[in-house]
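*Asks:* Starting from these lines, generate the structure:
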Amino acid sequence: MIKKAKLSQKNKLLNIKKIRNNIDKIDNQILKYLSLRRKEVMKITKYKKRSEIVDQKRIASMLKKLVRKGKALNIEPYVIENLWKAMIRSFIKLEREKI
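*Replies:* Prediction:
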């Protein structure tokens, strides 16, 4: 049986730092996509009435599709549902401020 080599504390900290840097880069990409999504939301406010902001059928359909796609990418459904529900709530708030 092969034993895993123990990482020194210094190597462990360097690995954590590298992983955190990668996470920071991914977060920056997510921010760019959120900005693009926001721009599209702002465009759609020109066509919606205040009573049309929340479309429960669309939200349910969207979450179902995202969960299915997420499973194929090995992402737990609760991660997708929690993140998207928070994002949807935030963009609904934005739409209500603009309409």
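
*Asks:* Just want the most central residue of the protein.
*Replies:* Leu83 (5.3 Å; C-alpha atoms, centre = their mean).

*Asks:* What strand or helix carries that residue?
*Replies:* helix 77-98 (DSSP states H and E).

*Asks:* what's the distance between that helix and the middle of its chain?
*Replies:* Distance of helix 77-98 from the chain centroid (C-alpha atoms, centre = their mean, to the nearest Å) equals 10 Å.

*Asks:* Point out where this structure drops to low pLDDT.
*Replies:* Counting by pLDDT under 70, the chain shows low-confidence ranges at 1-6.

*Asks:* any idea how far Ser8 is from Ile16?
*Replies:* 13 Å (C-beta to C-beta, to the nearest Å). In this view, the C-beta of every residue, glycine as well, is placed from N, C-alpha and C.

*Asks:* same thing with Asn82?
*Replies:* In terms of C-beta to C-beta, Asn82 sits 25 Å off from Ile16.

*Asks:* what does Tyr33 give?
*Replies:* If you go by C-beta to C-beta, the gap between Tyr33 and Ile16 works out to 26 Å.

*Asks:* Over to Val41?
*Replies:* 36 Å.

*Asks:* And those two? Which one has more around it.
*Replies:* More crowded of Val41 and Ile16, by other C-beta atoms under 10 Å: Val41, with 16 against 10.
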